[in-house]
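Colleague: Below is the sequence, then the predicted model.
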Amino acid sequence: MSTDYAASSDDALTTTNSSSSSSSDDGSSGITYAGQVSLPRLPIPSLEDTMARFPAAVCALLSSSHDSDDGSSSPSDIHGVNTKEMEECLASIHDFLETDGPPLQKMLVEYERKGREDGTLGSFVEEFWSDAYLAPDSSVVMNLNPFFVLEDGPDTKKSKDQCSRAASLCFSAIKLASSLKNETLVPDAFKGKPLCMDQFRALFGACRVPETENKDTVAVNPDSTHVVVLDNNQMYFFQALWPDGTVAVNEEDILQILLAIRADASKVAPEVSSRNALGTALDIVDGALFILVIDDMTPKDIHEAAANMLHGTYNLRSEDNLNNLVDYQAGTCTNRWYDKLQVIVCKDGRAGINFEHSAIDGHTALRFVSDIFADNVVSFAQSITQTVYSDRHMFPPLIQAHLRRASLEHPQLVAPRKLTFELPQCVLDKIYYAETSLSDQIVASDTFVLEFTGYGKNFIVRNKMSPDSYVQLSMQLAYYRLYGKIVSQYEPVLTKAFYHGRTEAMRTATEKAALFCKKWLDPSATNEEKLEALRVATQYHSAGIKLASTGQGIERHLFALKCIADKNGIPTPDFFSLKLFGFGPVVQDGFGIGYIIRDSGLQYSISSKHRQTKRYAHTLKQTLIDMGKLLQPMHSVKVSCEKMDIPEAKTAPATSIPVEYLEDYDYFGAESATVASAKNSSDEKTSPTGRTPGGSSQFARVLRRQSSVTASQLRTFGEEITPSHQHED
């Protein structure tokens, strides 16, 4: 068995373009990527279609509440749209169609054609969208990385024990990595049609790699076989896979490894570990399958649990030394490696994930979370039925992976090892300043979780409305009730039905949404009028979702047109300077809202900086109660599906709005979380001064690299930690 480990290559770092180098897209013996060859490419909408739909996307924001530059109010139409601003918008559109637009459209079409023919591009927006994540020189914490909080485990005893819960989740994650490596993971599909699986290549062994002069990159080590564990700001690692992808440890092996790590990490004083434990053997850390984080804290409530998964905790301590009054950071925010996928387990067994967003979207991360949690449930079912039926195969494993335990013959191969290092003072100073900067962000942020149990998906569907559209409108209405403004609200929509598809943007602040909000607060409006406005607004939103999911959205197209101008050294056209159009970072005065739609409840995770987060959440709860009072509780409601007044793409198949709910097709799906905002908090990023957004002319979305650390080095690097082989309950 030791020979298998020694077979790893000693080659130095190499990089290739994953879009062109991978053979799995063209034909593979496995099933995971078998559907890639049949996927259509993301279409480039016609310039005329996009510009025809642009006014409808922004008209709700052209409100009569906007004052002109001289302080006077501008006239508005019967819907409250600022007529002067709309005239300026239409004039800009006309000018763009007559001047800059057609040449840029031609460049974009030619750029996509060339990239398709030489195999360097998966879609017309792929390079630009990657740059939007990788070019900004800002922290990924809160600005980029999303999170999930998992439900408690099915085994009540194991789920409350930190090491047992961590071992269970880690084992399932390792099996999932094995199934991906051997391409046995069942691919995603929607209504029988395959979805793009390309992002799964960057799920394990991937890391964001910072650059000083250029945009960052995402590097993937396809030969990764180890897991890094963070405990008390100390770094450990252990081998989890054989080089051929076979699983090398089972759940009990991992439990013993974690118990040994816990015992060793507790020997280090917090003030020492928090100052010195970040940053050795970066290649081992960056090349790991994922990071398993053991947090020495117990969240006091769901709000603190969510905040811990988002950014960690803030907890200053002093050394009780009169000669040194400087506090040190002892919170969990330093017990992280934000450039990679992290599985985080708290002291009470509560768990979640935090993931670097550049190469994978929420739908991919959700598949990871769903599979490892469901695998835990199946394992628990196997354990409780085995004593009765003596047959574990009554519940076949959810994740298929071969296991060959190294601990039975060569336990040293999977023994945990501790990373130790010495860093110069200049590096320690930079780490300290990075921590203080992060701490500033944490104390400025607020996270609140609204768990609404009044009704959920089933109730909304019975009333013939899309649950996703309903939830999106509830957030807009809550903001309008609190502040009296219609604001930009962004919902990413899945486009994985296309080759290398990621997301398109759906702007919730439509004209129909604005009319619904205003009707709701109109004291003269009847309940029937309010309900009709809600139905029309949800239908309109669902129509926009369908256009976006079928590659007929406008935002990525406009974004690509702006970027193709930048790439070719063309000055940014005046059209893109419209004050209602842009692709800036998440605004500092916005709300970030993730939500989960359950059969009988709705959950919102709301975060903001220096805003009334809790007050907004309470307003949202009352809004949901009031909206629910207008709906029928038990029986279906007949709805007329009139055609919505949306300028349609000429290639769009639908000419009317069917009563159809796009389950599992939005950003995180109808039964899981999505990201929206009550202020212009879009996902797109711009490139700050000093960074090169375009990079080289050769685009590589993800760099595949072999680690410069050999298999023999992994067995000998660092200090070996002896597993205890005892588990105290």
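Modeller: Happy to help now that I have it. Numbers count the residues shown, from 1 in each chain.
Colleague: helix/strand/coil for the nearest residue to Ala525 once chain neighbours are set aside?
Modeller: Spatial nearest neighbour of Ala525, excluding adjacent residues (Cβ to Cβ, 6 or more residues apart in numbering): Lys519 at 5.1 Å. Where you see a C-beta, it was placed from the backbone N, CA and C, and this is true even at glycine. On the three-state scheme (DSSP: H, G, I helix; E, B strand; the rest coil), Lys519 is labelled helix.
Colleague: Am I right that Gly718 is in contact with Val229?
Modeller: No - checked against Cβ atoms under 8 Å, the pair Gly718 and Val229 is beyond contact range at 11.9 Å.
Colleague: With neighbour numbers in mind, choose between those two.
Modeller: Each of Gly718 and Val229 has its neighbours counted (other Cβ atoms under 10 Å); Val229 has more, 25 against 19.
Colleague: and Gln162, what does it touch?
Modeller: Listed by Cβ atoms under 8 Å, 6 or more residues apart in numbering, the contact set of Gln162 reads 294, 345-349.
Colleague: Same check on Thr313?
Modeller: Listed by Cβ under 8 Å, 6+ apart, the contact partners of Thr313 are 297, 304, 307, 331-333, 442.
Colleague: give me the number of residues near Leu42?
Modeller: Using other Cβ under 10 Å, Leu42 has 24 other residues around it.
Colleague: Quick check on it: phi, psi?
Modeller: phi -60, psi 120 (degrees, to the nearest 10).
Colleague: What distance do you get for it to Leu203?
Modeller: Here the distance between Leu42 and Leu203 works out to 21 Å (Cβ to Cβ, to the nearest Å).
Colleague: got it, and Leu408?
Modeller: Taking Cβ to Cβ as the measure, Leu408 falls 29 Å from Leu203.
Colleague: who has more neighbours, the two?
Modeller: More crowded of Leu408 and Leu203, by other Cβ under 10 Å: Leu203, with 22 against 10.
Colleague: Nearest the geometric middle of this protein, what residue?
Modeller: Centroid check for the chain by Cα atoms, centre = their mean gives Gly362 as the closest residue, at 3.7 Å.
Colleague: still on that earlier bit, separate out the buried members of the contacts of Gln162.
Modeller: Listed as buried from the contacts of Gln162 are 294, 345-346, 348-349; burial here means 16 or more other Cβ atoms under 10 Å.
Colleague: what's the closest of those residues to Ser123?
Modeller: Nearest to Ser123 among the buried ones among the contacts of Gln162, counting by Cβ to Cβ, is Val345 at 36.6 Å.
Colleague: What are the boundaries of the strands in the stretch 251-400 of the chain?
Modeller: Listed in chain order, the strands found in the stretch 251-400 of the chain under DSSP state E, counting those that start in this stretch are 291-294, 316-317, 328-329, 342-345, 351-354.
Colleague: what do you get for the stretch 51-200 of the chain?
Modeller: So, for the stretch 51-200 of the chain - with DSSP E, counting those that start in this stretch - the strands run 147-149, 189-190, 193-194.
Colleague: The first one pairs with which strands, and in what direction?
Modeller: What that stands for is strand 147-149. Taking DSSP bridges as the criterion, strand 147-149 forms sheet pairs with strand 351-354 (antiparallel).
Colleague: follow-up on the earlier one: may I ask which two of the contacts of Gln162 are separated the most?
Modeller: Between all members of these, the farthest pair (by Cβ to Cβ) comes out as Ile294 and Asp348, at 12.3 Å.
Colleague: What is the burial count for the nearest residue to Gly122 once chain neighbours are set aside?
Modeller: Once flanking residues are discounted, Gly122 sits nearest to His500: 2.6 Å by Cβ to Cβ, 6+ apart. Per other Cβ under 10 Å, the neighbour tally for His500 reads 22.
Colleague: buried sites along the top helix by length along the chain?
Modeller: Looking across the chain with DSSP state H, the single longest helix is helix 362-389. For helix 362-389, the neighbour count (16+ other Cβ under 10 Å) marks 362-373, 375-376, 378-380, 382 as buried.
Colleague: now the helices: where do they sit in the stretch 1-150 of the chain?
Modeller: Taking DSSP state H, counting those that start in this stretch as the test, the helices found in the stretch 1-150 of the chain are 2-6, 18-21, 47-58, 83-98, 101-118, 126-134.
Colleague: let me fix that: the stretch 201-350 of the chain
Modeller: Ranges of helices in the stretch 201-350 of the chain, per DSSP H, counting those that start in this stretch, are 251-265, 270-276, 282-286, 302-311.
Colleague: ok, of these, where does mean pLDDT dip lowest?
Modeller: Lowest mean pLDDT within the helices of the stretch 201-350 of the chain: helix 270-276, a mean of 61.
Colleague: returning to that earlier point: residues that sit against both of Gly718 and Val229, list them.
Modeller: In terms of Cβ under 8 Å, 6+ apart, Gly718 and Val229 are both contacted by the residues 236-237.
Colleague: From Leu90, how far out is Leu521?
Modeller: To Leu90, Leu521 is 29 Å away according to Cβ to Cβ.
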